[in-house]
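1. Provided below are the primary sequence and the corresponding predicted coordinates.
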Amino acid sequence: MTSSISLRKIREPASGKPVVFAKPVPTVALSARAASFGSTSSRVALTRCRAQRSVDNRSPLQVLALTDDLRAALDKYVSENKIVVFMKGTKQFPQCGFSNTTVQIMNTFQVPYETVNILEDDAIRSGMKEYSSWPTFPQVYIDGEFYGGCDIMIESYQNGELQEEIEKCMSQ
């Protein structure tokens with residue numbers, strides 16, 4: 001059983017940073033959605049992190065943030081896979097133009113890469129923005145390091161830097 005979460009964004013008064021709030025959700029059994037992730041241990045860790053939310057006791061709302069467990073699971077997943085694309089949709093069915101462009105670029109290299117559909121879970125979606133310090137999707141990780149978004153992928157593909165980076169990564 002899963003619960004839908006209704007989100008709204010507000011700005012933190014002191015810093016002006018956006019804060020995402022969600023209505024409280026009951027504890028739910030973890031679903032098999034994680035089957036779309038890489039190794040079994042990474043899938044389990046990311047799935048467990050999905051159910052965890054930081055709670056602000058002053059408010060009946062739950063704050064979605066990058067928890068220590070989610071950070072550890074993301075670190076492990078990104079380091080276990082040579083190329084990972086956090087995107088809207090999957091490589092078989094991208095759900096936005098920028099994600100589609102990134103998939104098309106990656107497919108030209110004919111190398112294996114993993115995708116994570118950030119639309120499936122709001123904790124991963126909001127946590128990734130903090131994890132990478134990058135506000136938009138897709139987010140591409142090559143050899144365990146954040147490489148960039150769609151605009152950087154296009155530019156580096158056109159000037160040949162992306163091919164060099166991927167060749168270097170795949171040769172290790």
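-> Alright, I've got the coordinates.
2. low-confidence ranges in this protein?
-> 1-64 (pLDDT under 70).
3. how about the helices in it?
-> Remark: helices assigned in the chain by DSSP state H are 40-50, 68-80, 97-109, 122-132, 150-159, 161-171.
4. which one of the ones you listed is the most hemmed in?
-> helix 122-132 (a mean of 20; mean count of other CB atoms under 10 Å). From N, CA and C alone the C-beta is placed, and that goes for glycine too.
5. list the helices and strands it packs on?
-> Here helix 122-132 touches strand 18-22, helix 40-50, helix 68-80, going by 3 or more CB pairs under 8 Å, 6 or more residues apart in numbering; DSSP states H and E.
6. if we can go back for a sec, I'd like the helices of the chain as CSV, with distance to Val116 appended.
-> Formatted as CSV, the helices of the chain follow (distance: least, CB to CB, whole Å):
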stretch, distance to Val116
helix 40-50, 8
helix 68-80, 8
helix 97-109, 11
helix 122-132, 7
helix 150-159, 16
helix 161-171, 18
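7. and Gly89, which of those is closest to it?
-> helix 97-109 (5.6 Å; CB to CB).
8. next, the angle helix 161-171 makes with that closest one.
-> 60 degrees (axes from the mean of the first three to the mean of the last three CA atoms, to 10 degrees).
9. okay, angle between helix 97-109 and helix 150-159 too, please.
-> 30 degrees.
10. nearest to Pro138, out of the helices of the chain?
-> Here helix 97-109 is closest among those (CB to CB), at 4.6 Å.
11. what is that closest one packed up against?
-> Checked by 3+ CB pairs under 8 Å, 6+ apart, helix 97-109 has strand 83-87, helix 150-159, helix 161-171 packed alongside it.
12. between the ones you listed, which one is closest to Met106.
-> Per CB to CB, nearest to Met106 of the helices and strands packed on helix 97-109: strand 83-87, 6.7 Å.
13. partners of the closest one in the sheet?
-> strand 114-117 (parallel), strand 139-142 (antiparallel) (DSSP bridges).
14. what bridges to Asn117?
-> Applying DSSP bridges, one finds that Asn117 bridges with Met87.
15. isn't Leu119 right up against Pro94?
-> No - using CB atoms under 8 Å as the test, Leu119 is too far from Pro94 to be in contact (10.7 Å).
16. ok, back up a step: identify whichever of the helices of the chain lies nearest to Phe86.
-> Of all the helices of the chain, helix 122-132 comes closest under CB to CB, at 5.3 Å.
17. quick check: angle from the closest one to helix 68-80?
-> Using the same axes, to 10 degrees: helix 122-132 against helix 68-80 is 70 degrees.
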